[in-house]
Every structure is written in C-alpha cells, then in structure tokens.
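**Q** Need a 3D model of the following:
(chains A and B)
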Amino acid sequence: MKLQKKDILGIKDLSIEEINLILDTADSFVEVSTREIKKVPTLRGKTIVNLFYEASTRTRTSFEIAGKRLSADTINISASTSSVVKGETLIDTARNLEAMNPDVIVIRHSAAGAPHLLARLLKPSIINAGDGAHEHPTQALLDMLTIRAKKGKIAGLKVAIVGDIAHSRVARSNIYGLTKMGALVAVAGPATMLPLHIEKMGVAVFRHINEAIQDADIIMMLRVQTEREKQNIFPSLREYAAYFSLNTRNIRRAKDDVLVMHPGPINRGVEISPDIADGPYSIILEQVTNGVAVRMALLYLLTGGTG
Amino acid sequence: MEQKRVVMDAEGIDRAISRIAYEILERNKGVKDLVLVGIRTGGVFLAERLQKNIAGIEGVAVPLGVLDITFYRDDLLSTRKKPRPRKTDIPFSLDDKKVVLVDDVLFTGRTIRAAMDALIDFGRPRLIQLAVLIDRGHRELPIRADFVGKNLPSSLWEAVAVNLLETSGRNEVVIEDSPQNHPEQGTR
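**A** Numbers count the residues shown, from 1 in each chain, chains lettered A, B, ... in the order given. Here you go, the predicted model:
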C-alpha cells in the first residue's frame, strides 16, 4: 500500500489503514537507529527544510536526525534568526524556500492552519510539526507507535490524557488517532482547560485526575503551559499540582502495568512528580526514540515512489 | 497466455541445499567465524535450511541474520510501486566474519549489490560469499555466486519463482511464461 497523500497535516485526515501503514513502516526504521552506522542511503539527494516559527528541541532535532539517517540533506530555519524578523510574511518565506527545490518542508507555527496554507500553495510535501492549538500529527503517531510496541495493540486500551486539553495540539491529535484506532480515551483537567463540547470527540470527560486514570493502561500527561499562568486559567502552579499532578499515590488507581507518557518538555513537580517521570512506569524517553523512526517513515513514504 | 513449468521439485531443492551446505563448509574449512545472512524474503528461508543442514553436519548452529535491502535499493526513487521496508535483524557483529549471503534467485545482481552495501555498513566482514538456489543469468552488474543450486538459463520474458513451504505451502521452482512480464520489472 502506498500513502496517497502529498502532505501530513493532521491525524484527522488519516484513515486507519494509513495510520497502520505509517506505524508498520516506522517499525522497520526503529532498527536503523540501533546500528553502529546509523545511516542508510535511502533518501540520497532529497532536501528537507525544517521551518520552525516556535521553539522546539525534540521535534526539530528528531526531524533533522530522521532526515540525516536517511541520507537526505536537512536544513533548519528558526524564525528568530531568519528574514522573518525583517518582516517577511510566511507565504513569501515559503515561496522563496520552494524556489530552492526542497522535497519536504516541515513546519511548526503558532497559527493553526499555517501548514495547510503552505500545502495548498507549494509543490513540496508539507509535514505539520505543530500548528497552534490545532494538531501535532507526528507526536500522536510516535505515541501510537510506542503504545503499540509496548502493549501489542491500541484497540481496547484505556488511555487517560490529563492536563491542558484546550491548548494542547498533542491532546487533539492523540484523541483523533487513539479513538480511530479503537482505544477508550478519558480526559481530565481544570474546567478552564477543557474545551466546550470535547465529549463530541468521543472521549469521557472528568474534572479530577483520579477518575480519569482509574484502571488506565496508559496515562498521558500534558505539559502545563506555564506561560499561560498570566491568562488566569489556573490560580497557581501549586494548586494545579495539588489537583492534577501524577504521583506515586494516585498512580495506584491505574492498572498495575500502566505506562506513563509525556510529550515533553516536562515540568517536574507540576504535572508529573520526578519519581514518576524517572520511575519504572515511564516510557517518556522511548517516545523520543520512536519519534525518530516515525519521522523517518513519513519522510520515506512522502518522498519516494511518485515516479 | 500463461504457462507454468516446474524446473525443480521438493527433492531437488533439498538435494541442492544439502550440497551447498557441504560446499560452504569445504570452502571455509568448517564453521569457524561463519555466519549466514538471508535476504528477505526468499533468502531467509533458504538460509534457515542451510543453517539446519550445516548443524546436521557439524553439530553447530551458525549465526543467522536477516537482511532487508529496501533502504539500499537503487530504484527507490524511480519505481512507481514503493516497496514496504521490512525489519533487518543481524544480532551479531560482522567484523572479521565469513559472511555467506543467501538469496533465492540471482538475476540482475542489483539486489546483491544493495545487500553488500548494507552489510558493509554493519561492519567489516573478512569476506562475503554468495549462495543462491537459482542463477537465471542476465546480470547487469559484475556479480557472480559462489554457491549455486541450479543454473537456469531463462528468457527475460519469463518469471522464475521459488515457491517454498514457508510461504506458499509447497517446495518447487517454476518458470512462468508471461508476455506482460517486461524485463524492466525484474528486481532480482
């Protein structure tokens, strides 16, 4: 089966078959990163531009490593050191990059829909690396790859997503993906962090972490976007931690073999206690490892075989 | 119009593999530093059978690796149908090993070129030898096999299929005469 898509913009537009194709392909790429020579010649001569209008460590590095391990040429552009500071518009920047014939443009932007705009205007494949509070499809794919690798399946698992659901593109993409793949998803967070009508996405909604994580197979903790403290959506980090952090006490409500995930960066002691983040349930760093494989798979599926 | 001709039956395949096992041991003077690497998919089952045969003769199970050459193909960017990469699993070092690469059919030699590039990325073998069940000719690269089950001169318009118990439920090598089998589509 071939991926019949030019771009990867969101999990919402992916079918179950496409998600399975991406995850199965990613499975084969996991091994490349364990070799002594972590490089294969598959995408020789392809050019990948990472265009990041927002700060990122994991995602940008992960895309860069994924491209390099496939022998593509990767170029990183961050808004702060580009002509964006001189006032160039997104479309002008993108058109100029297109003029240099890249094969893939990976974009992260604070405006929801920015990748979709580029996908409509430009010839190269566009991968959404996070657009506003909309979607972060590669994060959801790496999360699903990790869950599938650890649990052997996704369907039927109980997954709790806890934190700032309203502002989280990770939560949104994961809700689309996990419900599509047959998981039972529960979300929990303060009322100010739960979007209206969230239950229409097919999730169970709770106001307290303890209810959401009851008998959970997977707990996905979201980063508290501390920069939002000023917006008065929660009184203080301490109060948030008192009600919504995952710690050694409340985790006992979940299944004995529960796995704890976090998209990073983590706020230790806020949404997750250090003994959980570093403890035996945590697969946070495996998520990062699998992120490279998922991105390799997407680059492979998007660049080749259009002949 | 399609015609099928069986050119090697189950006993023939067994005998060829058993002879190749002896030849590998003779050429390499035993199993010291010997490893087998099967090329997905057909080569893997043949490598497993060779491993069993060698174990039957020498009483030692030589290490067996599985190689997927998709990442090293030279037609990745030109073929319309994109092959799905499968897992490579070589759980041992190839440094200073005598590697016997195993495939079912040797054809253009391009698969073997890709496989050798891949092996060299895994380490520095002392030597690489090639064992194939069928050599059907039509090489496009300067590559030859060290151990051959059967030389099978074939036309470019024919397809040679190695059917093995593991994949298709019976052991046989067949030649299919199919006019739509354009030579360019051969990947072996």
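**Q** can you pull out the helices in the chain?
**A** You didn't pick a chain, so chain A it is. Using DSSP state H, the helices of chain A run over A:16-30, A:58-69, A:90-98, A:114-121, A:137-151, A:169-180, A:209-213, A:237-244, A:274-277, A:284-303.
**Q** my bad, chain B
**A** B:10-28, B:42-58, B:110-122, B:165-168.
**Q** what mean pLDDT does the shortest one have?
**A** Along helix B:165-168, the predicted local confidence has a mean pLDDT of 84.
**Q** tell me what it is packed against?
**A** Helix B:165-168 makes packing contacts with helix B:42-58 when contacts are defined by 3 or more CB pairs under 8 Å, 6 or more residues apart in numbering or on different chains; DSSP states H and E. From N, CA and C alone the C-beta is placed, and that goes for glycine too.
**Q** returning to what we had before: how about the helices of chain B in JSON lines, adding mean neighbour count?
**A** Output for those, formatted as JSON lines (neighbours: other CB atoms under 10 Å in any protein chain shown):
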{"stretch": "helix B:10-28", "mean neighbour count": "16"}
{"stretch": "helix B:42-58", "mean neighbour count": "20"}
{"stretch": "helix B:110-122", "mean neighbour count": "20"}
{"stretch": "helix B:165-168", "mean neighbour count": "12"}
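**Q** so can I have CSV of the helices of chain A showing mean pLDDT and distance to chain B?
**A** Below are the helices of chain A laid out as CSV (pLDDT from 0 to 100; distance: least, CB to the nearest CB, whole Å):
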stretch, mean pLDDT, distance to chain B
helix A:16-30, 95, 4
helix A:58-69, 96, 10
helix A:90-98, 94, 20
helix A:114-121, 97, 21
helix A:137-151, 98, 12
helix A:169-180, 98, 21
helix A:209-213, 96, 34
helix A:237-244, 90, 40
helix A:274-277, 95, 31
helix A:284-303, 96, 7
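**Q** I'd like those as JSON lines, with mean neighbour count and distance to B:Asp177 appended.
**A** Below are the helices of chain A laid out as JSON lines (neighbours: other CB atoms under 10 Å in any protein chain shown; distance: least, CB to CB, whole Å):
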{"stretch": "helix A:16-30", "mean neighbour count": "19", "distance to B:Asp177": "34"}
{"stretch": "helix A:58-69", "mean neighbour count": "22", "distance to B:Asp177": "43"}
{"stretch": "helix A:90-98", "mean neighbour count": "16", "distance to B:Asp177": "49"}
{"stretch": "helix A:114-121", "mean neighbour count": "19", "distance to B:Asp177": "47"}
{"stretch": "helix A:137-151", "mean neighbour count": "24", "distance to B:Asp177": "44"}
{"stretch": "helix A:169-180", "mean neighbour count": "25", "distance to B:Asp177": "46"}
{"stretch": "helix A:209-213", "mean neighbour count": "21", "distance to B:Asp177": "64"}
{"stretch": "helix A:237-244", "mean neighbour count": "16", "distance to B:Asp177": "70"}
{"stretch": "helix A:274-277", "mean neighbour count": "17", "distance to B:Asp177": "64"}
{"stretch": "helix A:284-303", "mean neighbour count": "24", "distance to B:Asp177": "35"}
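**Q** Distance check, the residue nearest the centre of chain A against B:Val6.
**A** Nearest residue to the geometric centre of chain A (CA atoms, centre = their mean): A:Gln139, 1.7 Å. According to CB to CB, to the nearest Å, A:Gln139 stands 53 Å off from B:Val6.
**Q** same thing with A:Asn20?
**A** 37 Å.
**Q** Quick test: name the residue nearest the centre of chain B.
**A** In chain B, the C-alpha nearest the mean C-alpha coordinate belongs to B:Asp103, at 0.3 Å (CA atoms, centre = their mean).
**Q** wait, that residue sits on B:Ile112?
**A** Yes - when contacts are counted by CB atoms under 8 Å, B:Asp103 is listed as touching B:Ile112 (6.9 Å).
**Q** ok, back up a step: apart from its neighbours in sequence, what residue is nearest the residue nearest to the centre of chain B?
**A** Leaving out its chain neighbours, the residue that sits closest to B:Asp103 by CB to CB, 6 or more residues apart in numbering or on different chains is B:Gly43, at 4.0 Å.
**Q** try A:Ile283
**A** Leaving aside its sequence neighbours, A:Ile283 sits nearest to A:Leu259 (CB to CB, 6+ apart; 5.1 Å).
**Q** mind listing what the one you found touches?
**A** Shown in contact with A:Leu259 (CB atoms under 8 Å, 6 or more residues apart in numbering or on different chains): A:Ile147, A:Lys150, A:Lys151, A:Asp217, A:Ile218, A:Ile219, A:Tyr281, A:Ser282, A:Ile283.
**Q** let's see it at 6 Å
**A** Counting by CB atoms under 6 Å, 6 or more residues apart in numbering or on different chains, A:Leu259 touches A:Lys150, A:Ile218, A:Tyr281, A:Ile283.
**Q** in the sheet, who's paired with it?
**A** Here A:Leu259 sits in beta bridges with A:Ile218, going by DSSP bridges.
**Q** Relative to chain B, how far out is it?
**A** Going from A:Leu259 to chain B by CB to the nearest CB, to the nearest Å gives 23 Å.
**Q** hang on, the earlier thing: let me have the contacts of A:Leu259 in JSON lines, adding distance to B:Gly12 as columns.
**A** JSON lines is the format used below for the contacts of A:Leu259 (distance: CB to CB, whole Å):
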{"residue": "A:Lys150", "distance to B:Gly12": "46"}
{"residue": "A:Ile218", "distance to B:Gly12": "53"}
{"residue": "A:Tyr281", "distance to B:Gly12": "56"}
{"residue": "A:Ile283", "distance to B:Gly12": "50"}
